[in-house]
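Trainee: quick one, fold the following:
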Amino acid sequence: MPRMTSDGDLIQRAATGDRSAFEDLYRRYARPVFGLALRRLGDRGRAEDAVQETFASIWRSAASYRPERGPGAPWLYAVARNAIVDRARARSDVPADIPDEPGAEPGPAEQAEQGWVAWRVHRALEELPDREREVIALAYWSGLSQSEVAEFLGIPLGTVKTRTRAALQRLAEILGDVDGI
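Mentor: Modelled structure (predicted):
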């Protein structure tokens with residue numbers, strides 16, 4: 001049985017203009033991305049638009065994928081999540097009136113703190129074994145449930161739960177060691 005080409009390889013080939021690699025990615029991910037978009041947006045037409053936008057973005061930005069940062073699936077789901085968020089924002093009506101009170105958006109100090117925390121978490125994630133990092137990326141950044149992660153990776157749900165638990169314990173240990181980062 002021939003080995004299935006990895007998502008990362010397909011993304012890299014798509015970056016060179018390889019249409020068959022891009023079509024393989026589409027066949028693998030169009031349905032899961034549509035399911036995710038439909039759950040988030042609650043509208044079939046908007047979900048279809050998000051899928052189209054996702055794959056157009058993948059075609060345009062495949063060269064930005066860096067395999068050393070992790071497997072292709074989390075990168076692809078991050079592109080999808082951005083397209084879905086864009087679709088959700090497009091539905092939001094812009095307020096006609098100027099608000100009476102300042103917005104709840106974080107100020108510069110909070111943004112700096114969030115940046116520091118994000119950097120620490122990113123560094124901690126790099127220390128996880130690939131299998132653990134993959135389930136965390138699919139669950140937290142791609143918004144998949146543990147059952148969806150299991151189905152996506154083709155592994156038992158119990159394995160996903162075990163890897164998630166181990167990854168979260170390891171992250172807690174790493175992030176608890178403030179001097180080590």
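Trainee: residues contacting stretch 129-146, please?
Mentor: Residues outside stretch 129-146 that contact it (C-beta atoms under 8 Å, 6 or more residues apart in numbering) are 36, 40, 70-71, 73-74, 77-78, 80-81, 125-126, 128, 148-149, 152-153, 157, 160-161, 163-164, 166-168, 170-171. Yep, even glycine has a C-beta here, placed from its N, CA and C like the rest.
Trainee: which helices and strands sit right next to the longest helix along the chain?
Mentor: For the chain, the longest helix by residue count, based on DSSP state H, is helix 19-41. Judged by 3 or more C-beta pairs under 8 Å, 6 or more residues apart in numbering; DSSP states H and E, helix 19-41 is in contact with helix 7-15, helix 44-61, helix 72-91.
Trainee: out of these, which one sits most buried?
Mentor: Mean neighbours per residue, mean count of other C-beta atoms under 10 Å, is largest over those for helix 7-15, with a mean of 20.
Trainee: only alpha carbons, please: show that helix as CSV.
Mentor: The C-alpha atoms that make up helix 7-15 are tabulated as CSV, following Å, rounded to 0.1, in the frame of the first residue of the first chain:
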residue,chain,number,x,y,z
ASP,A,7,-0.3,17.5,4.1
GLY,A,8,2.9,19.5,4.4
ASP,A,9,4.3,18.0,1.2
LEU,A,10,1.1,18.8,-0.6
ILE,A,11,1.1,22.4,0.6
GLN,A,12,4.7,22.9,-0.4
ARG,A,13,4.0,21.4,-3.9
ALA,A,14,0.9,23.7,-4.2
ALA,A,15,3.2,26.6,-3.4
